[in-house]
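Visitor: could you look at this predicted model? Sequence included:
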Amino acid sequence: MAPGRPPLRSDDPLLKIEGLRSGYGRIEALHGVSLEVRPGEVVALVGGNGAGKTTLLRAISGVQPVTAGGVRFSGTDLTRASAHARVKAGIAQVPEGRQIFSPLSIEDNLRLGAYLRKDAEIAADLERVYDLFPVLKERRRNPAGGLSGGQQQMLAIGRAMMSRPKLLLLDEPSMGLAPVLVDQVFAIIARLREEEAVTVFLVEQNAFAALSIADRGYVIETGEIAMTGSGRELLTDERVREAYLGV
Ligand SMILES: Nc1ncnc2c1ncn2[C@@H]1O[C@H](COP(=O)(O)OP(=O)(O)OP(=O)(O)O)[C@@H](O)[C@H]1O
């Protein structure tokens, strides 16, 4: 540990975003977003189409330039760090659309998640992922492209887990899934928090599914945080219910 830097306490944020601005050319998509994720939490960012959810996730994982504000992770300023350095620091992203490698076997896809690791525990971690997702074990030698959408989402989460992340970023995990699979994927995210002590920051249009399992949530509207509260508070909030839950 660096001299003089106190250890991270569990109420210290693992991820702290402050006044973050980012966009595409002259168009600003995030107008000064601030939020935090504490160790062990599942935090959901919900919002409609084009609100800025993906842009924010990409700024956290380091593939989207930031024009102002900052990203701190585990007490370190990562605002200008490369995407690679952020993976090394313990941030793993499960991208929208999963981006699995279809011709490769399921097992090779999972092993790719550990590409930065050289330790001897990769095989044991593979078994842990297979315990979480038995369907992947049964089909471990098959091409990943043969999996259904829900199974591909599980593979993408499993692959991210193989990097032993401190923070798992999930972009729209429910996208394109039938309701029963949405429930399964969110049940797995809740299990990751309980059993693997992973901290999760997820963005979702499916506000009900996300807030139902989230410890805390933020609502983003046109590039600004409009509301925050516990998952339950937001689920019962009149404005959230009208705008995002169709109630
Ligand atoms: N490559 C791009 N070039 C220009 N503008 C973009 C680009 N990607 C996103 N935007 C704009 O930035 C804003 C935020 O988009 P973003 O994709 O982050 O929203 P989102 O909340 O993730 O929406 P969705 O759920 O539809 O993916 C929108 O106004 C969008 O049109």
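Guide: Done, it's in.
Visitor: surely Leu116 and Lys88 touch.
Guide: Yes: applying CB atoms under 8 Å as the test, Leu116 and Lys88 come out as touching, 6.1 Å apart. In short, each C-beta sits where N, CA and C put it, glycine included.
Visitor: intersection of neighbour lists for these two?
Guide: Counting by CB atoms under 8 Å, 6 or more residues apart in numbering, Leu116 and Lys88 have no shared contacts at all.
Visitor: against Val240, how distant is the most centrally placed residue in the chain?
Guide: In the chain, the residue lying closest to the centroid (CA atoms, centre = their mean) is Leu169, at 1.6 Å. Per CB to CB, to the nearest Å, Leu169 is found 22 Å from Val240.
Visitor: buried ones in the worst-scoring helix or strand of the chain on mean pLDDT?
Guide: Least confident helix or strand of the chain, by mean pLDDT, DSSP states H and E, is helix 179-196 with a mean of 89. Across helix 179-196, burial judged by 16 or more other CB atoms under 10 Å covers 181-182, 184-186, 188-189, 192-193.
Visitor: swap in stretch 197-211?
Guide: If you call a residue buried by 16+ other CB under 10 Å, then stretch 197-211 has these buried ones: 198-211.
Visitor: that stretch: end-to-end distance?
Guide: With CA to CA, to the nearest Å applied, stretch 197-211 spans 19 Å between its terminal residues.
Visitor: give the contact list for Leu177.
Guide: 149-150, 153, 185.
Visitor: which one of those sits closest to Ala44?
Guide: Nearest to Ala44, judged by CB to CB, of the contacts of Leu177 is Val185 at 13.3 Å.
Visitor: how about the contacts made by the closest one?
Guide: By CB under 8 Å, 6+ apart, the contact list for Val185 reads 150, 153-154, 157, 173-174, 177.
Visitor: what's the distance between Pro173 and Leu211?
Guide: On the measure of CB to CB, Pro173 and Leu211 end up 14 Å apart.
Visitor: distance to Phe133 added to the buried residues of helix 179-196, as CSV?
Guide: Converted to CSV, those look like this (distance: CB to CB, whole Å):
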residue, distance to Phe133
Leu181, 13
Val182, 16
Gln184, 10
Val185, 11
Phe186, 14
Ile188, 8
Ile189, 12
Leu192, 11
Arg193, 16
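Visitor: sorry, back to before: any chance of the buried residues of stretch 197-211 in a markdown table, with pLDDT too?
Guide: Formatted as a markdown table, these follow (pLDDT from 0 to 100):
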| residue | pLDDT |
| --- | --- |
| Val198 | 90 |
| Thr199 | 95 |
| Val200 | 96 |
| Phe201 | 97 |
| Leu202 | 96 |
| Val203 | 95 |
| Glu204 | 93 |
| Gln205 | 90 |
| Asn206 | 92 |
| Ala207 | 94 |
| Phe208 | 93 |
| Ala209 | 93 |
| Ala210 | 95 |
| Leu211 | 96 |
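Visitor: which ones among the residues you listed lie within helices?
Guide: 207-211 (DSSP state H).
Visitor: burial of the closest residue to Arg72 other than its chain neighbours, as a residue count?
Guide: Excluding the flanking residues, the one nearest Arg72 by CB to CB, 6 or more residues apart in numbering is Lys16, at 4.3 Å. Neighbourhood size, Lys16 [other CB atoms under 10 Å]: 18.
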